[in-house]
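Participant: Sequence isn't available, so here's the structure alone:
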């Protein structure tokens, strides 16, 4: 039966690849028709986003509620935020260095159409830091699930987890119930994934139909430079960190997450793979509390690809408008972008809005140049989203290693293919990571019940 399940999902992702190729073909041969297919891609991403809040809530509540000491959760969160700040700064700095070497914007001239496009992007991107912080607090506990804000859901889930933790043994039925809800949520998500080929076809066809080949030719330098920079960051910086700290090969981890990268490539959104990243990080051997805190927080604060994009695009725009940034201005902009990049969601277009908002606050005269990026932003967002995703996957393993919540022996077996991921349920009930050894007694029956239910279901 396991082989049959593996075969079915294998065909699903082959269908996604075929859909992407077909979408590119339709985009070039019938651009008018292709643009009308955009709702297919939008609809699929919306279906995935619909599941993100319940996935995060269940994961965090089960993780935090199973930890004996609240300080442990705080330690994980503090370590994660410190790491995110450092790595975002490194990514921003790398973007500046490569941007200065390539000088991708020299020789281009901004048009009036590009000016108006840049102004339009900046119009809705002026959220202040205060607004951002207050926006973390939902209007009601229920609205956190309906407004689609990852940070609002994170706040409510943490509060619920700590409350259940404080309840002691009386919180056991609640944990058990949320565990069953998590299984339901992931099963629904697995069903939604079968719409991935349709979504990939619509998304790729629309962007190729809208952009065409001309825009790609004229802006190829910034695109190629950005892709190369992202690759260097992932394989050299993140790869070296992962090898030194956790002893894990970055290539084996990326191979393990291959289907998620394909999903991101086809939808241009790292959020489309967020629920699967949570499930796979638990499966690979990182404890539930670390996964539950690191992954959702990382999706708002650990955006390495977005950081590289912001600095390279800023330099590109300044050079294209004939007003290059001095070294002092670049350092000032880097400091500003460290703050501006926080809270930018991993959704298509969010990086563009953040770029426009940052320039508007720091160098208003450069905002018009954002229009130069609009034509290729979708193609750059693929690399941006995949880099963000890789950064969060690596961060989860690193935080797990530093907090001794990472089972390296299990990880080696999983990455070697000896313990396959359950594509049907997406829930790894058989492994809770090292944290389960320190969990209070009430948690064990909850996990045991889930295991029994899983055995009865034959999954």
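Facilitator: Thanks, I have it. None of these values were measured; they are calculated from a predicted model.

Participant: Next SSE downstream of whichever strand or helix holds residue 11?
Facilitator: For residue 11, the element it lies in under DSSP states H and E is helix 2-29. Downstream of helix 2-29, the next assigned helix or strand under DSSP H and E is helix 31-35.

Participant: Relative to the whole chain's centre, how far out is whichever helix or strand comes after that following helix?
Facilitator: Using DSSP H and E, the helix or strand that follows helix 31-35 towards the C-terminus is helix 38-65. From the chain centre to the centre of helix 38-65 is a distance of 12 Å (C-alpha atoms, centre = their mean, to the nearest Å).

Participant: and helix 38-65, what other elements does it pack with?
Facilitator: When contacts are defined as 3 or more C-beta pairs under 8 Å, 6 or more residues apart in numbering; DSSP states H and E, helix 38-65 packs onto helix 143-146, helix 150-167, helix 172-192, helix 196-211, helix 258-267, helix 274-284, helix 288-301. Bear in mind the C-beta positions are built from the backbone N, C-alpha and C, glycine included.

Participant: just checking, what packs against the helix or strand following it?
Facilitator: The C-terminal neighbour of helix 38-65 among helices and strands, as given by DSSP H and E, is helix 70-102. When contacts are defined as 3+ C-beta pairs under 8 Å, 6+ apart, helix 70-102 packs onto helix 150-167, helix 220-232, helix 288-301, helix 304-320, helix 327-340, helix 370-402.

Participant: The helices and strands packed on helix 38-65: which one's closest to residue 245?
Facilitator: Ranking those by proximity to residue 245 (C-beta to C-beta) places helix 288-301 first, at 13.8 Å.

Participant: That closest one packs against which elements?
Facilitator: Taking 3+ C-beta pairs under 8 Å, 6+ apart as the contact cut, helix 288-301 packs with helix 38-65, helix 70-102, helix 150-167, helix 274-284, helix 370-402.

Participant: That one: how far from the chain's middle?
Facilitator: Its chain's C-alpha centre and that of helix 288-301 lie 10 Å apart, by C-alpha atoms, centre = their mean.

Participant: swap in stretch 14-29?
Facilitator: With C-alpha atoms, centre = their mean, you get 24 Å for stretch 14-29.

Participant: Show the contacting residues for the nearest residue to residue 208 once chain neighbours are set aside.
Facilitator: Once flanking residues are discounted, residue 208 sits nearest to residue 27: 2.6 Å by C-beta to C-beta, 6 or more residues apart in numbering. Residues in contact with residue 27 (C-beta atoms under 8 Å, 6 or more residues apart in numbering) are 34, 204, 205, 206, 207, 208, 209.

Participant: Can you say which of those are buried?
Facilitator: Buried members of the contacts of residue 27, counted by 16 or more other C-beta atoms under 10 Å: 34, 204, 205, 206, 207, 208, 209.

Participant: For the residues you listed, point out the one with the lowest pLDDT.
Facilitator: Lowest pLDDT among these: residue 207, with 70.
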